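no FASTA, just this:
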């Protein structure tokens with residue numbers, strides 16, 4: 001009786017598998033493809049935005065280092081000639097000037113140095129550039145210099 005019971009069970013499982021083996025329907029496959037494509041689009045979008053943020057951070061760091069480079073040059077100039085050099089535009093640089101100094105310029109980068117006051121002399125170095133999308137960006141550093 002035990003053997004017959006196992007035989008009957010195997011028989012019914014075999015018949016069930018033979019007639020009820022549906023697999024995936026076309027609608028189920030399309031739904032799975034849509035869900036997968038939405039998830040992949042989100043991942044790709046995240047990757048693109050992270051890449052743009054990385055480029056923006058690199059550009060800001062590079063612009064700040066250029067401003068610091070100019071500021072160091074200003075600080076190493078005798079106090080009596082700093083205002084004259086700023087007024088003459090000696091530290092107002094563009095991309096070609098940066099390249100001639102061995103620096104890597106940003107897209108459309110220019111550096112403007114201004115001053116006010118006499119003693120202490122307030123000096124501000126402003127760096128302007130365009131980011132990867134073409135939006136104008138700017139950063140600055142400032143200091144007071146005394147004789």
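Happy to help now that I have it. Keep in mind it's a predicted model, so treat the numbers as computed, not measured.

residues making contact with stretch 32-49?
Outside stretch 32-49, the residues that touch it by C-beta atoms under 8 Å, 6 or more residues apart in numbering are residue 24. Glycine gets a C-beta too; all of them are placed from N, C-alpha and C.

per-residue confidence averaged over that stretch?
Mean pLDDT, stretch 32-49: 95.

Same check on stretch 74-83?
Regarding stretch 74-83, the rounded mean pLDDT is 92.

mind listing what's buried in that stretch?
For stretch 74-83, burial by neighbour count (16 or more other C-beta atoms under 10 Å) applies to 74, 77, 82-83.

One more: stretch 86-96?
So for stretch 86-96, counting by 16+ other C-beta under 10 Å, buried means 86, 90-93, 95.

What is the neighbour count of residue 142?
12 (other C-beta atoms under 10 Å).

The protein: helices as residue ranges?
Under the criterion DSSP state H, helices of the chain are mapped to 2-20, 26-75, 79-87, 95-100.

could I get the ones you listed as CSV with distance to residue 106?
Putting the helices of the chain into CSV (distance: least, C-beta to C-beta, whole Å) gives the following:
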stretch, distance to residue 106
helix 2-20, 66
helix 26-75, 6
helix 79-87, 22
helix 95-100, 8
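
Ok, which of the ones you listed comes nearest residue 128?
Closest to residue 128 of the helices of the chain, according to C-beta to C-beta: helix 26-75, at 8.5 Å.

Next, the angle helix 79-87 makes with that closest one.
In terms of direction (axes from the mean of the first three to the mean of the last three C-alpha atoms, to 10 degrees), helix 26-75 departs from helix 79-87 by 130 degrees.
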